[in-house]
Each structure stands twice: as C-alpha cells, then as structure tokens.
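>>> okay, structure incoming, though there's no sequence with it:
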C-alpha cells in the first residue's frame, strides 16, 4: 500500500485486521492494528474512519473491562462522527451496550431510547431493540423483552443478517 501511496486502503486493512483480532480475543494485536489505522485516517483527514476506529477501540476496551477508557473512545468517536447520523447511531448503541455491561441498566435503557429517537437507520434500530430486549430480560420484564427481540429479529432477518436474527430468537426463547 505504501509503495502505491494507497493510504486509505492501508488504513482500511489495518482496521479490518484490528476488528478481526478484537473479535478473536487477541487484544494486544487488535490495539496495535486499530491505532495504526487511526493514525493513517487522521493523516489523510478521514473523520469517518477515525470515528469508526475510536468506536471499535471502545469495544476493545469494553471487552477488557476498561470501561473508563471505552467511554473516552466513544466520546472521541461521537465528535468525529458528528456529520454521519448512521455512524452516530451505532456509536450511541455501543455506549448503551457499555452501560449494560457495567450493570447500569437504567442508564443503558435511557441511552438506547435516546438513540431510537435520533436514528432512522434500520440496522441501528435493530441493534438498539436487541439491547433493549436484553435489558428487559435482565429486569425480568419478559413481555417487553420478547417484544423488542421480535422487532430486532424482523429487521435483522429482512436485512439477511442471520446471525443477529437468530441471536434475537435466543432472547425470545
């Protein structure tokens, strides 16, 4: 990529590798890849790229129970994503998930509800419905949990996002 001055492609490659390593639980390598991606995005002036990386770094920190750092990355991501409503919605849904993992179900629910008010993107809505189903399940509000799981399932299934759709069915079960 460097020989051909393909900086955007290099940043994308690092970002994808960082995401794969994060999902695989190889956190130190994920951190390295994501930071390399962010530096390139910053260099080429891609705010959207930086926002995506900061959001993913937030997920990485959450997976390691580094919640304060996760919150800091989500705030950075929101600042960079200010002109992209869809990306902002995903970042807000990640914040709702962070609060849920931390155990603050009420704050998570409020963030999720606020996200629903701000988004028109169906994928964001489905993600938020999934989070809301999990919150209601934790609160033993089973009918609400089922209703949100069904809404998430419908959107995920129509979008052919079958892994997420079936995850929603698991909540419903």
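Yes, it's here. Since we're looking at a predicted model, the values are computed, not measured.
>>> what's the first helix or strand after the host helix or strand of residue 79?
Per DSSP states H and E, residue 79 falls inside helix 67-80. Remark: after helix 67-80, the chain's next helix or strand is helix 85-102, criterion DSSP H and E.
>>> show me what that following helix packs onto, helices and strands only.
Other helices and strands packing on helix 85-102, by 3 or more CB pairs under 8 Å, 6 or more residues apart in numbering; DSSP states H and E, are helix 47-63, helix 67-80, helix 105-118, helix 122-138. Using the backbone N, CA and C atoms, a C-beta is placed for each residue, glycine as well.
>>> quick one: mean pLDDT for the third one?
Right, the one you point to is helix 105-118. Helix 105-118 carries an average pLDDT of 92.
>>> and what of the first one?
Here the mean pLDDT over helix 47-63 is 95, rounded to a whole number.
>>> ok, back up a step: and of the helices and strands packed on helix 85-102, who's closest to residue 92?
In terms of CB to CB, the element of the helices and strands packed on helix 85-102 nearest to residue 92 is helix 105-118, at 4.1 Å.
>>> I appreciate the help and will end here.
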